[in-house]
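Visitor: structure here, sequence nowhere to be found:
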């Protein structure tokens, strides 16, 4: 019985010490928040790059199979909704959101 209590206590102490040592940077947390939202839209390839003061989002559409207007509509949606999502965080109020739409020709890639 003593070994069980000691094992549980040791596990608890170790997990508490590890949890307090874990830190996440502002840009990593931004990447998690924005990336989860952006990458949920599967129609286009997307990228998210975060910095301390800004988030760069890329939307990539295939010129041979996808519509540029739909990509631009998604960019407009991101410009409206992403600031709404991050404004609930006090530390994220002055984050600049940069969204670009890029065209690609994927016909030569064999897709």
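Guide: Thanks, I have the structure now. All of these numbers come straight from a predicted model, not from anything done at the bench.
Visitor: any low-confidence regions in this protein?
Guide: Scanning the chain for pLDDT under 70 picks out the ranges 1-10, 12-13, 15-22, 108-111.
Visitor: find the centremost residue of it, please.
Guide: By CA atoms, centre = their mean, the chain has its centre lying nearest to residue 35, at 1.6 Å.
Visitor: leaving aside the residues next to it on the chain, what's closest to that one?
Guide: residue 48 (4.5 Å; CB to CB, 6 or more residues apart in numbering). The C-beta positions use only the backbone N, C-alpha and C, and glycine is treated the same way.
Visitor: need the strands for the protein, in chain order.
Guide: 45-50, 54-62, 96-104 (DSSP state E).
Visitor: tell me which of the ones you listed sits most buried.
Guide: strand 54-62 (a mean of 19; mean count of other CB atoms under 10 Å).
Visitor: ok so, going back, now the strands of the chain in CSV, with distance to residue 26?
Guide: Shown next, in CSV, are those (distance: least, CB to CB, whole Å):
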stretch, distance to residue 26
strand 45-50, 8
strand 54-62, 11
strand 96-104, 13
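Visitor: now do the helices in the protein.
Guide: 2-21, 26-38, 68-86 (DSSP state H).
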